[in-house]
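> got a predicted model here, sequence first, then my questions.
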Amino acid sequence: MADEKAGRFPDPHEYQVPPELEGWEDMYPSHYLFSKDREDWEKNQFWYADKIHAPEPMPPLDLIFQEAWQISLSQYTTRVFCIPPAQGIAQRMVGCYMYICAIAPPPDEIIGEKAQLFEKRVFYVFEHYNELWDKWLTKFKALGEEMSAVEVPKELPKFVPEDQVIPAPTGCYVSYDLIEAFDRLVNQMFKGWQYHFEMLNLTYLAYLMFGDVSRKLFPGISESAIGKMVAGAYVSMFRPEEELCRLSRLAVASRGVADILKSGMSVEQKVAELEKIPDGKQWLEEFEKSKEPWFYVSCGSGWFHHEGSWITNLDIPYGYIKSYVERLEKGETIERSLDEIDKQRDEVVAKYRDLIKTDEDRNTFDNAYKTIRTIYRYAEDHLFWVEHWFHTIWFDKIRAFGRILVDNEMINEVDDIFMFSRYEIPEILTEVSTGWALGVDIPLRGDYYKAKADKRKKILKAAGEWNPTPALGVPPEEVAEPFTIMLWGVTTDKVKEWLKGVGEIKAEDVSEIKGFASSAGVVEGPARVLKKLKDIVDIQPGEVLVCPTTNPSWAPVFTQIKAAVTDIGGLTSHAAIVCREYGVPSVTGTGIATSVIKTGDTLKVDGDTGVVIIVKRAG
């Protein structure tokens, strides 16, 4: 337990996990574990659970994304753009959960060296962002197509086909192809994440800079007003939802299509019925155009293999379309009101700009505003291409390896491959290739790998029923690291609450909770607490969404809800951004919303002050 008197959380080297998790350490690479070799440093750092990227127990292979961002995010801060006081973010695993630590600022002489490089490099990107974005998207799409083209062997043939031997041996065969294809996919994933952070840190930095300028020029300005000034981004992450709107309007305008889509038939039955009518065929053609690439959006965050995507679960987009068609027929608007968001933004900007007294201050504001409006789109633009499109391709390729391991009786189920780390899978593939190459009936260790996968699934299930400490080690007197606050929503006050054991309070004793004023507006409505992804279908128009954090694939519900309240996330988290883009009031980073609010409670959400009041308890 946290020690409030000592002002610290448990020592990470002594923290005990439930006995049901015995053997969890075997699931992850050794450098991800707290180690006696680094004890003096590790125990005096502040480690907090990363509920943004890893809100649930981590399957071993899914850790690859975390490995990749740890390197990429950190290097862009420390070595590439050289943000003077900022350093990297370290990761460790404890009981299947990931904890992270913002590295303390470097010595003054290093800060000085970085400062000399910082201005030239960073402001060049700010000034040339649009052309750099075009280049970024071109090369990232090329990398995704390259990954999509990787051929994973479908089988290990009894004998190599003759065309690989005559007229000349190809030299490399399936035993090599199997191992090489996996290695290539791993390297491509790391390369994709190298690209991922090319400008993301600078997006957050630009927001911080604009916020600092605004607070200096307009003392007392609210965070929601700052957020409103940057809203209205035309970005790729909203394109899947825009395609749903387009298809829904097309369905309503077509003969017979809307009735089929509104029916209770399965997706397969709907497609069969649509194929029978001319307008239905045309609508299906348009649906196919939208699928590539826009339905490569994860059903969750894109971080976990079990989430699936629209392209692999067509019930999701068809379900949204059914809802949109019904709303259109009632005369409702289904698209986000971009014109209204733009109008409100421009009015707020003009209002504050008129308060500026000097040309120098006006130029400072204009330059900061131009920068944030230019580069801020990257925060959501890159998100679709990396965590969704790219990850969906990766998961599909990895499952091809899962199928060949099932066929060779190394694992029981295709998704059991995710129970092994990226370091272990080459060993399994090498064993399969070796057994095939020997050409004799030598048994492979299938029972060994099946047992290991089964054990790890049980450990992950047990970990999911455990509530680990929110932090480990020694917290700073004041949480000042900007990304920790802006993205993760971890503040000095939040840490103090953790030390007091706020998670142990009784829900009925709480009538008011506080968080970040992430999206302006004040509304009142019934709560819908959403803790599991599958429950998204239960949301009703006019409800207040209460969840740990939002997922990009939920965009279609933001035209229905009154407000959003989250446990996790700061002013630049996805929840904050998407609510501003839809003009939905939002309070993020409350820490306890899903623990103290129940579905049906009447809430008053104040996105201007960051306060949520439980007006009336359900029942």
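Perfect, thanks for sending it. Residues are numbered from 1 along each chain as shown.
> only C-alpha atoms for contact and neighbour calcs from this point on.
Noted.
> which strands and helices lie in contact with the helix or strand bottoming out on mean pLDDT in the chain?
Of the helices and strands making up the chain, the lowest-confidence element is helix 482-486, at a mean of 79, by mean pLDDT, DSSP states H and E. Using 3 or more CA pairs under 8 Å, 6 or more residues apart in numbering; DSSP states H and E, the elements in contact with helix 482-486 are helix 200-217.
> C-terminal to the helix it packs on, what's the next element?
Later in the chain than helix 200-217, the nearest helix or strand by DSSP states H and E is helix 223-229.
> neighbouring contacts of that next one?
211, 214, 344-346, 348-349, 516-520, 571, 580, 607-609 (CA atoms under 8 Å, 6 or more residues apart in numbering).
> can you classify the closest residue to residue 447 other than its chain neighbours as helix, strand or coil?
Excluding its sequence neighbours, the residue lying closest to residue 447 (CA to CA, 6 or more residues apart in numbering) is residue 410, at 7.1 Å. At residue 410 the chain is in coil, as set by DSSP: H, G, I helix; E, B strand; the rest coil.
> circling back to that earlier point, what's the mean pLDDT across the very next helix or strand once past the least confident helix or strand of the chain?
Following helix 482-486 in sequence order, the next helix or strand is helix 492-500 (DSSP H and E). Here helix 492-500 scores 84 as its mean pLDDT.
> got the buried residues for helix 492-500?
Within helix 492-500, the residues that count as buried by 16 or more other CA atoms under 10 Å are 494, 495, 496, 498, 499, 500.
> mind pulling the model confidence for residue 549?
Looking at residue 549, the pLDDT reads 84.
> what residues are up against it?
Counting by CA under 8 Å, 6+ apart, residue 549 has contacts 52, 566, 567, 568, 569, 575.
> which one of those residues is nearest to residue 88?
residue 52 (16.8 Å; CA to CA).
> so how many other residues sit close to the closest one?
18 (other CA atoms under 10 Å).
> repeat that for the one 10 residues further on.
Residue 62 is surrounded by 20 other residues when neighbours are defined as other CA under 10 Å.
> can I assume it is in contact with residue 304?
Yes - contact criterion CA atoms under 8 Å: residue 62 and residue 304 qualify, at 6.1 Å.
> and of the contacts of residue 549, the nearest to residue 340?
residue 575 (19.7 Å).
> can you pull the contacts of the residue lying closest to residue 315 once chain neighbours are set aside?
Once flanking residues are discounted, residue 315 sits nearest to residue 267: 6.4 Å by CA to CA, 6+ apart. Contacts for residue 267 (CA under 8 Å, 6+ apart) come out as 314, 315, 318.
> need the contact partners of the helix or strand hosting the last one.
It stands for residue 318. Taking DSSP H and E as the definition, one finds residue 318 inside helix 315-329. By CA under 8 Å, 6+ apart, the residues outside helix 315-329 that reach it are 244-245, 247-249, 251-252, 258, 261-262, 267, 295, 299, 310, 333-334, 556.
> likewise for stretch 172-188?
143, 147, 150-153, 156, 160, 394, 422, 426, 429-430, 433-434, 436-437.
> got a ChimeraX select line for the buried ones in those?
In ChimeraX syntax, the buried subset of the contacts of stretch 172-188 is picked out as below (16+ other CA under 10 Å):
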select :143,147,152,153,156,394,422,426,429,433,436
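> filter the contacts of stretch 172-188 down to just the ones in strands.
When DSSP state E defines the strands, the subset of the contacts of stretch 172-188 inside them is empty.
> got the contact list for the nearest residue to residue 409 once chain neighbours are set aside?
Distance criterion CA to CA, 6+ apart; nearest residue to residue 409, sequence neighbours excluded, is residue 446 at 5.7 Å. If a contact means CA under 8 Å, 6+ apart, then residue 446 has 409, 410, 411 as its contacts.
> with residue 460 instead?
21, 57, 58, 59, 96.
> 6 Å instead?
residue 57 (CA atoms under 6 Å, 6 or more residues apart in numbering).
> which parts of this structure are strands?
46-49, 89-94, 97-102, 471-473, 512-514, 516-519, 522-529, 544-547, 563-566, 586-588, 602-606, 611-616.
> ranking those strands by burial, who's on top?
Across those, averaging neighbours per residue (mean count of other CA atoms under 10 Å) puts strand 586-588 on top, at a mean of 36.
> which neighbours in the sheet does it have, and how are they oriented?
Sheet pairing of strand 586-588 (DSSP bridges) gives strand 516-519 (antiparallel), strand 563-566 (parallel).
> how far away from the center of its chain is it?
17 Å (CA atoms, centre = their mean, to the nearest Å).
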